[in-house]
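**Student:** 3D model of this:
(2 chains)
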Amino acid sequence: MSPIALITGTRRGIGHALAKHLLNKGWRVAGCSRGKTNIQSKNYRHFSLDVTDEDAVLVMVRTIKRELGSIDALINNAGIAAMNHFLLTPTETCRSVFETNLTGSFICMRECAKQMSRKKRGRIINLTSVATPLNLEGEAIYAASKAALESLTRTAAKELGSMGITVNAIGPTPIDTDLTRTVPPEKIEALIQKQAIKRIGTTQDVLHCVDFFLDEKSAFITGQTLYLGGIA
Amino acid sequence: MPLDRKQIADLVINSIHELGEDLEKPDLIAGDESTRLFGARSSLDSMGLVNLIADIEERLSEAFKIDITLANQSAMSRTHSPFRRAASCIDYIMELLAEIDKK
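**Tutor:** Next comes the predicted model:
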């Protein structure tokens, strides 16, 4: 039987590309987003929900188990960004960014890990950002939420290691997606100049990292955050 | 139709029996409602209890399509853990189901 992945945030961008990539590789994919998706495949099942809605996530994860089988891999891609000067950031923005980027990821991790622990194997990959190690101005809350996610990645890796579950994170550089198209080009260029390899990232760069962490031979790699572009 | 206590008790006790077989713990294999799940006199360690709770949640989902989290805020904030014995765990699940019915 082909393996099953749950990918959050599959409506567009990296999540959309990831879903299609894994489908092409023979995976069965369940995806979710707040809206609908245009992914058409008999091996794809979409759930319209908000990852911060705990009850909805519970129903999704257990429906996947009942109807498709036990989840082999979770890719926490759903996230929201907030670009604002620190002094002008509303408290509600802080709450909602943490709610989606941290709490939503946590709920999905916890529920999927319960299934994975029964099989004594599983892969969890969290999408973070170079905004964290770069301490990017204007992205204080976003960077902080991803820092929290990286910390969660490391601790969960320790707690879930004995269950055969690896937990890792990928921190992409700016990639040409809907999210970055709203950022002024000079800001993107300034960011690229901070990288060891000075070019904009591609979806393919991220897919390659995902393949690496999903690979059976990566069973001894956990608790790591892999930044692209030479950011450390 | 609302589930009765016996259906939930059977599900929980079966889960304890199966875990007992996996862990080769005779007291769990022969477990009943008085079986201790938590504390110094339980033969389950903390990871064993985690696995048991996850298994019960999964069984509730598969058998009755009930999707709940047992380790929720209500369970964690109680003076006496609902997971101390099989019977208290069964009673606690019945409470959660009654809350769902009220909604």
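
**Student:** and for residue 34, the neighbour number?
**Tutor:** Because you didn't say which chain, this covers chain A. 14 (other CB atoms under 10 Å in any protein chain shown). Any C-beta I mention is one placed from the backbone N, CA and C, and that applies to glycine too.

**Student:** ah, no, chain B please
**Tutor:** So residue B:34, with other CB under 10 Å, has 8 neighbours.

**Student:** now do the contacts for it.
**Tutor:** B:85-87 (CB atoms under 8 Å, 6 or more residues apart in numbering or on different chains).

**Student:** kindly recompute the last result at 6 Å.
**Tutor:** Listed by CB atoms under 6 Å, 6 or more residues apart in numbering or on different chains, residue B:34 has no contact partners.

**Student:** residues contacting residue A:194?
**Tutor:** residue A:134.

**Student:** how near is it to chain B?
**Tutor:** 41 Å (CB to the nearest CB, to the nearest Å).

**Student:** in what helix or strand does residue 93 lie?
**Tutor:** Picking chain A for this. Residue A:93 is part of helix A:91-98 when elements are defined by DSSP states H and E.

**Student:** that's the wrong chain, I meant chain B
**Tutor:** helix B:86-102.

**Student:** could you pull up the mean pLDDT of that helix?
**Tutor:** Mean per-residue pLDDT for helix B:86-102: 92.

**Student:** what sits up against it?
**Tutor:** Residues contacting helix B:86-102 (CB under 6 Å, 6+ apart): B:5, B:8-9, B:12, B:33, B:35, B:68, B:82-83.

**Student:** could you redo the last one with a cut-off of 7 Å?
**Tutor:** B:2-3, B:5, B:8-9, B:12-13, B:16, B:31-35, B:37, B:66, B:68, B:75, B:82-83 (CB atoms under 7 Å, 6 or more residues apart in numbering or on different chains).

**Student:** quick one: mark the members of the residues you listed that sit in strands.
**Tutor:** Of the contacts of helix B:86-102, none are assigned to strands by DSSP state E.

**Student:** which parts of chain A sit against chain B?
**Tutor:** A:58-59, A:62, A:66, A:114, A:117 (CB under 7 Å from any CB of the partner chain).

**Student:** in stretch A:182-190, which residues are buried?
**Tutor:** Using 16 or more other CB atoms under 10 Å in any protein chain shown as the burial criterion, the residues of stretch A:182-190 that qualify are A:187-188.

**Student:** my bad, stretch A:55-65
**Tutor:** Neighbour-count burial for stretch A:55-65 flags A:56-65 (criterion: 16+ other CB under 10 Å).

**Student:** also stretch A:159-169?
**Tutor:** By neighbour count on 16+ other CB under 10 Å, the buried set for stretch A:159-169 is A:160, A:163, A:165-169.

**Student:** run the chain-centre distance for that stretch.
**Tutor:** Relative to its chain's centre, stretch A:159-169 lies at 16 Å (CA atoms, centre = their mean, to the nearest Å).

**Student:** just the CA coordinates for it, please, in CSV.
**Tutor:** C-alpha atoms of stretch A:159-169 as CSV (Å, rounded to 0.1, in the frame of the first residue of the first chain):
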residue,chain,number,x,y,z
GLU,A,159,9.8,12.8,23.2
LEU,A,160,8.8,10.9,20.0
GLY,A,161,12.2,9.4,19.2
SER,A,162,11.6,6.2,21.1
MET,A,163,8.4,5.7,19.1
GLY,A,164,10.3,5.7,15.8
ILE,A,165,9.0,9.2,14.8
THR,A,166,11.4,11.8,13.5
VAL,A,167,10.6,15.5,13.8
ASN,A,168,12.5,18.0,11.7
ALA,A,169,12.0,21.4,10.2
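
**Student:** contacts for it?
**Tutor:** With CB under 7 Å, 6+ apart as the criterion, stretch A:159-169 contacts A:113, A:116-117, A:120-126, A:128, A:149-150, A:153, A:156-157, A:213, A:218-219, A:221-226.

**Student:** just the buried ones from those?
**Tutor:** Members of the contacts of stretch A:159-169 classed as buried by 16+ other CB under 10 Å are A:113, A:116-117, A:121-126, A:128, A:149-150, A:153, A:156-157, A:213, A:222-226.

**Student:** inside helices: which ones of these?
**Tutor:** A:113, A:116-117, A:149-150, A:153, A:156-157, A:213 (DSSP state H).

**Student:** and which of those is nearest chain B?
**Tutor:** residue A:117 (6.2 Å; CB to the nearest CB).

**Student:** near chain A, which residues of chain B are found?
**Tutor:** B:51, B:54, B:57, B:61-62, B:67, B:69.

**Student:** and the residues you listed, which of them are buried?
**Tutor:** Using 16+ other CB under 10 Å, the buried members of these are B:51, B:54, B:57, B:61, B:67, B:69.

**Student:** in the ones in helices among the buried ones among the contacts of stretch A:159-169, find the pair that's most separated.
**Tutor:** Across those, the longest distance by CB to CB is 22.2 Å; it joins A:117 and A:150.

**Student:** just how off-centre is stretch A:113-122 within its chain?
**Tutor:** Distance of stretch A:113-122 from its chain centroid, counting by CA atoms, centre = their mean, is 19 Å.

**Student:** again, but for stretch A:165-174
**Tutor:** With CA atoms, centre = their mean, you get 7 Å for stretch A:165-174.

**Student:** do the same with stretch A:214-230
**Tutor:** 14 Å.
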